[in-house]
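A.B. asks: coords please:
(4 chains, ligands or ions: 4)
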Amino acid sequence: MKIQKAKLLWLYETMVRIRLFEERIQDLYARGAVPGLAHLYLGEEAVAAGACAHLGPEDYITSTHRGHGHVIAKGADLKYMMAELYGKVSGYCKGKGGSMHIADMEIGILGANGIAGGGLPIAVGAGMSAAWRGTDQVTVCFFGDDSSNNGTFHESLNFASLHRLPVVFVCENNLYGISVSQTKHQPIKDISIRAAAYAMPGVTVDGNDVLAVYEAVGEAVERARAGEGPTLVEAKTYRWRGHHEGDPNQGARYRTKEEIQSWKRKDPIPRFAEHLVSAKAATSSKLKTVEKSIEKEIDEAVEFANASDFPTLDELYTDVFYLAEGR
Amino acid sequence: MKIQKAKLLWLYETMVRIRLFEERIQDLYARGAVPGLAHLYLGEEAVAAGACAHLGPEDYITSTHRGHGHVIAKGADLKYMMAELYGKVSGYCKGKGGSMHIADMEIGILGANGIAGGGLPIAVGAGMSAAWRGTDQVTVCFFGDDSSNNGTFHESLNFASLHRLPVVFVCENNLYGISVSQTKHQPIKDISIRAAAYAMPGVTVDGNDVLAVYEAVGEAVERARAGEGPTLVEAKTYRWRGHHEGDPNQGARYRTKEEIQSWKRKDPIPRFAEHLVSAKAATSSKLKTVEKSIEKEIDEAVEFANASDFPTLDELYTDVFYLAEGR
Amino acid sequence: MREINYADALNEALRECMTADENVMIMGEDIGLYGGVFQVTKGLIEEFGPKRVLDTPISEAGFVGASVGAALTGLRPVTEIMFIDFTTVAMDMIINQMAKMHYMFGGRGRVPMVLRTNIGAGRGTAAQHSQSFHSIFAHIPGLYVIAPSTPYDAKGLLIEAIENDNPVIFVEHKKLYIEKGPVPEGRYTIPFGQAEVKREGSDVTVVATHAMVGRSLIAAEQAAQKGISVEVVDPRTLVPLDKETILTSIRKTGRLVVADEGHKNCGFGAEIGCLAAEEAVEYLKAPVARVASPDTPVPFSPPLEQAFIQDEKEILLAVEKVAQYA
Amino acid sequence: MREINYADALNEALRECMTADENVMIMGEDIGLYGGVFQVTKGLIEEFGPKRVLDTPISEAGFVGASVGAALTGLRPVTEIMFIDFTTVAMDMIINQMAKMHYMFGGRGRVPMVLRTNIGAGRGTAAQHSQSFHSIFAHIPGLYVIAPSTPYDAKGLLIEAIENDNPVIFVEHKKLYIEKGPVPEGRYTIPFGQAEVKREGSDVTVVATHAMVGRSLIAAEQAAQKGISVEVVDPRTLVPLDKETILTSIRKTGRLVVADEGHKNCGFGAEIGCLAAEEAVEYLKAPVARVASPDTPVPFSPPLEQAFIQDEKEILLAVEKVAQYA
Ligand SMILES: Cc1ncc(C[n+]2csc(CCOP(=O)(O)OP(=O)(O)O)c2C)c(N)n1
Ligand SMILES: Cc1ncc(C[n+]2csc(CCOP(=O)(O)OP(=O)(O)O)c2C)c(N)n1
Ligand SMILES: [Mg+2]
Ligand SMILES: [Mg+2]
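C.D. replies: Residues are numbered from 1 along each chain as shown, chains lettered A, B, ... in the order given. Ligands and ions are numbered 1, 2, ... in the order given. I've put the predicted structure just below:
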């Protein structure tokens, strides 16, 4: 698949944006600035970047509890994200949703989701809506390995394939559902084989190789836009942190330090940086400046969040229903 | 697979028992003797008979809304079945359950089920229980083609294969879920291919050939008893009647007379009778006597049901909870 | 005015809305060729085609969730769950997604969808096809819960529900589908949150829902012969609830009977009874009385099922009981 | 007596029962190596092995249904659903199978299983991880619904639940897991259907559940300083409900406040308020008052979540309000 230089840089920039954002959350969380639950995406950046590289603002994604990377790659504004994580009224959800419920209909983010496997039927509905309305919008549906055991996976892939809906199912196989290793939650290794049960193509790629993800999802998006139906793409990757911030020692209860280290050596970012430099797509100084500007962007997001107000208490009662004028 | 003469006769007798019982229900229902919903098994007799031929009273089955055939093949007493369908206190469930909820723990009938796909997780639990308790009991789980689209199918097969549980999943593919043809409810033809998604063997057989069902389920039961885990067996068959008694003209809203006729020509019973006679396993007069005695059995069941009382009204309030002495 | 039955009134509402707005689509099991097990969608697939009248696999979580996703992105799905008993398999999509998105997202995104289903015992279909647990949905913020008792209300409320930009649980009643009543042709709506006094009276207030409304009107007639004047109030929508109309009636009569087909414990009857105790206790001349289904599963056997169903007899008994208090 | 926290008390109950009966097994997500997200099952996999302490896939319908099947056939599963919010994906197995089998089958077959889960807001986990809709289960016949408010009750009620031959929904409270209290060593049980008067008083009855019990005791202390004598009644089990103890207290004080963390509409508070209106209306000197979570989803933002949570402040206000009535 041919890829423009600008797109290569976008991939790098997006992965770095996710990386630095999550590292900042890790730090802020440790210092108690961010309340609630934070499920970090560190180590998995290549999946969100490679997948969303094919989408425009009119396309849709459904995300998960581990959703920061997905929404950043789909174009979310770090200021509003940060403010949401702080619970400020200037956040994406006026502070009502927090980390697990970031949404922005304007750019096709149909919501992170606190229910593991909850996003799949919603993605199918968005795909149906695009097909019925006759647009060429594509929906990318992110979910994890353990979430592929939820019945919603089965019902969603069956329905999407039956009606040849423009949906790309992207399974992020990071080998664990919280503490439960894949070997303990399903009897298979490659989740992509499940596609055959729905007469759907399925493919497994190295989720730490952003170009591999880009290729596989690219073909799937083409099929979807051409009306040829959905695809299941499995990306093998790994989360560096614990399931959530607060999971002791990056999940030491159920993973070895060695395993974590071996995956850190497969860090998708330096790996891609080397490729860019050797392929003369960018100089390392250029990449440095990218990082710098993103650092600045994040600093501004934190300032924005800090400077914002908490919602006023009357907000507790608003938005339960949408009340149009006159209703 | 070798098969004893006695077993051959049991298969024939069981199919005929189901056939004649259902024909009687059809008649009683038309005359208003049986209240509620009746989903008849006419045309599908070979599946229940061929599957249950491998089970003893200590083995388990879970059944469906179309369950009369399953429970008869598992050894249910026609008197108590008939009384249950009449809503009499002498029925299997004291008249509280009716056609969709016949159960008898003594002979391993864990219940018909009004929820399409509801029986699969229960079968998995019975399998887990047998494995954990270290018995060699096998559980056969019956369900339909459309029910294979319920998320419970996915969660159950995943769990059963993960723990190599002694469960045989028998999918009765009669090509419709009520009025929805298989082509409109799933994008595949052979449901057995779904087994691969769980690293489980899957096989498709002619569900109107009792020996084919007997063979396939026999191997699956052997695997299960040997601790080698579950199997998915798909039996292609067809229901002669409408979805339930009352579905106009055997389902004329969604099926053609021709289709129904073509399947009636594949009637599993005369087909097997010919085999028995030509294989000298039985004379046709012997088969006639079998039918006669079953007719008598059914007459007695109807008499039993008619002669039985309805439950007294205090029964409305009992059995909500099991109240042991002293609790 | 011409009379048509409740199922046909619903069918007209669907046809009206599908004709008026091409983004309105319906989906569910056997709603196409079969016309719905209660014939509510009869003829619509012929008129609007298989995309806008979509037969679904047995995947309630999948297609209710798909309805949510479609509603978020421009369609207005009206989705049928064949019996309320089966909403259980889609409960996460209803409680955690459909009901909460507008709030969780801080007002971003709307979910203009209707989930049609039905309650009611009396057809000999036993414990998994006869339930009436609509009160569960009233306990979950973010859902409108509708309870039509007549063909007229059924049509007007369904059009309102489809045109409403919020998620609606539209709870029909099996035994009412064949009941006839006057229904205007064409479009009309009944606003949510407006109870209707179906009969005026001065001695006892009966707050009744669904089939209990008709049963209460019969009981009221019988009570009248015994000199008891009964007012029958039909909330029509459980959420939003027209507390004022209900409380005004209770304050007038000082005696309350609540007749709802759901189970008694923590049901809608409890809510109305508690409301009286909170906001009208000083007017109560008699104990509140609930006429509700007993706290048992629905039995199959006809005599047991009849004993399970509470009708005009039990309502009249309750009315007479509370009327004894001066 | 030694003091341990609520989570450890539950852990002891599990260990007791697993040691006493080899058919008792536990399953759920992350209950093994992880020890449960609230550490209730800590150490059990080391002691009893991975078969009796089974980590499950994300398949709540599957493993709750498997628990039902296992219970029908000789095991006694104690199954954990990480948050009550996730019971929605298993709702069919709970409402249509677990709750109804014994009745549908006319008494054939028993389902001796416990479904452990938890409610409660206050941890910043927003709308899908903070709900308290335990009242839904009280609306479904065939389920015992348990609500321990102290470590002592938690252990005694859980042992009773595991030894009971019926399906039990065992509803814990997130905020109580780390609360300490006196707990005897070894086996003891608390029978279902016995409320406990946690504090005696004469002016106002507060019927409180879960964390609301502790909050009510604080409010009662504050009220005492203002000369209001508050009686705090903890039902401990919502089904079966000890109506007598509750009604006796209401008849004594004539004033009722119900404090339950569930949403207000059609919740447990409504049931108790309606009960008072049905069976003690002539004793009521004041309107009934409900202290319940507002009918909104649980918001994330800390100040909003704090406003959502009703605590001793709101309970005291309600007590003072009803106490004003002579
Ligand atoms: C239905 C449901 N069950 C359980 C949970 C609790 N939970 C949150 S995340 C998670 C593990 C998800 O694993 P996976 O899908 O592999 O995603 P990952 O966290 O590894 O990215 C679980 C069990 C949930 N949120 N929803
Ligand atoms: C969860 C659920 N959804 C819908 C129904 C209504 N229903 C009863 S049987 C049936 C069709 C079942 O089709 P299949 O599984 O193929 O079995 P068959 O009737 O063909 O034997 C449906 C939709 C149900 N009982 N349960
Ligand atoms: Mg994972
Ligand atoms: Mg079928």
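A.B. asks: do I have it right that C:Cys17 meets C:Met25?
C.D. replies: No. Counting by Cβ atoms under 8 Å, C:Cys17 stays clear of C:Met25, with 10.1 Å between them. Placement of C-beta: from N, CA and C, glycine included.
A.B. asks: joint contacts of these two?
C.D. replies: Taking Cβ atoms under 8 Å, 6 or more residues apart in numbering or on different chains as the criterion, C:Cys17 and C:Met25 both touch C:76, C:78.
A.B. asks: C:Val197: neighbour count?
C.D. replies: By other Cβ atoms under 10 Å in any protein chain shown, 15 other residues sit near C:Val197.
A.B. asks: near chain C, which residues of the stretch 151-300 of chain A?
C.D. replies: Residues of the stretch 151-300 of chain A lying close to chain C by Cβ under 8 Å from any Cβ of the partner chain are A:151-152, A:154-156, A:158-159, A:162.
A.B. asks: so which of the residues you listed is the most crowded?
C.D. replies: Going by other Cβ under 10 Å, A:Ser156 tops these with 35 neighbours.
A.B. asks: for A:Leu165, see how far away the spatially closest residue to it that is not a sequence neighbour is.
C.D. replies: Of all residues not flanking A:Ser156 in the chain, A:Leu120 sits nearest, at 3.8 Å (Cβ to Cβ, 6 or more residues apart in numbering or on different chains). A:Leu120 sits 12 Å away from A:Leu165, going by Cβ to Cβ, to the nearest Å.
A.B. asks: who has more neighbours, these two?
C.D. replies: A:Leu120 (32 against 26).
A.B. asks: report the buried residues of the one helix or strand the more buried one maps to.
C.D. replies: Here A:Leu120 sits within helix A:119-133, counting by DSSP states H and E. For helix A:119-133, the neighbour count (16 or more other Cβ atoms under 10 Å in any protein chain shown) marks A:119-132 as buried.
A.B. asks: check which element follows that helix along the chain.
C.D. replies: Using DSSP H and E, the helix or strand that follows helix A:119-133 in sequence is strand A:139-144.
A.B. asks: strands paired with that following strand, and their directions?
C.D. replies: Paired with strand A:139-144 in the same sheet, following DSSP bridges, are strand A:60-62 (parallel), strand A:167-173 (parallel).
A.B. asks: which one of those strands is the most hemmed in?
C.D. replies: Greatest average neighbour count among those goes to strand A:60-62 (a mean of 30), per mean count of other Cβ atoms under 10 Å in any protein chain shown.
A.B. asks: give me the next element, helix or strand, following that strand.
C.D. replies: Next element after strand A:60-62 (DSSP H and E): helix A:68-73.
A.B. asks: just the CA atoms of that next one, as CSV, please.
C.D. replies: Taking Å, rounded to 0.1, in the frame of the first residue of the first chain, the C-alpha atoms of helix A:68-73 are listed here in CSV:
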residue,chain,number,x,y,z
HIS,A,68,-7.4,7.7,25.2
GLY,A,69,-5.3,6.4,22.3
HIS,A,70,-8.3,5.8,20.1
VAL,A,71,-9.8,9.2,20.6
ILE,A,72,-6.5,11.1,20.2
ALA,A,73,-5.9,9.2,16.9
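A.B. asks: and that helix, what does it pack onto?
C.D. replies: Applying 3 or more Cβ pairs under 8 Å, 6 or more residues apart in numbering or on different chains; DSSP states H and E, one finds that helix A:68-73 contacts helix A:5-30, helix A:45-52, helix A:78-86.
A.B. asks: can the second one be said to contact ligand 3?
C.D. replies: No. Helix A:45-52 stays out of contact with ligand 3 when judged by Cβ under 5 Å from the ion, the minimum separation being 11.5 Å.
A.B. asks: format the CA atom coordinates belonging to that helix as PDB.
C.D. replies: Taking Å, rounded to 0.1, in the frame of the first residue of the first chain, the C-alpha atoms of helix A:45-52 are listed here in PDB:
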ATOM      1  CA  GLU A  45       0.000   3.300  20.300                       C
ATOM      2  CA  ALA A  46       0.600   1.800  16.900                       C
ATOM      3  CA  VAL A  47      -2.800   0.200  16.800                       C
ATOM      4  CA  ALA A  48      -4.900   3.400  17.200                       C
ATOM      5  CA  ALA A  49      -2.600   5.400  15.000                       C
ATOM      6  CA  GLY A  50      -2.400   2.800  12.200                       C
ATOM      7  CA  ALA A  51      -6.200   2.300  12.200                       C
ATOM      8  CA  CYS A  52      -7.400   5.900  12.400                       C
END
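A.B. asks: count the residues that sit near the closest residue to A:Ala49 other than its chain neighbours.
C.D. replies: Distance criterion Cβ to Cβ, 6+ apart; nearest residue to A:Ala49, sequence neighbours excluded, is A:Thr14 at 4.2 Å. A:Thr14 has 24 neighbours, counted by other Cβ under 10 Å.
A.B. asks: one more: C:Lys42?
C.D. replies: For C:Lys42, using other Cβ under 10 Å, the count is 16.
A.B. asks: and for A:Gln186?
C.D. replies: The burial count for A:Gln186: 25, using other Cβ under 10 Å.
A.B. asks: what does chain C put close to chain B?
C.D. replies: Within reach of chain B by Cβ under 8 Å from any Cβ, chain C has these residues: C:29-30, C:32-35, C:37, C:55-59, C:61-62, C:85-86, C:89, C:123-129, C:294-297, C:299-304, C:307-308.
A.B. asks: average pLDDT for whichever strand in chain C runs longest?
C.D. replies: Counting residues, the longest strand found in chain C (DSSP state E) is strand C:256-263. Taken as a whole, strand C:256-263 carries a mean pLDDT of 98.
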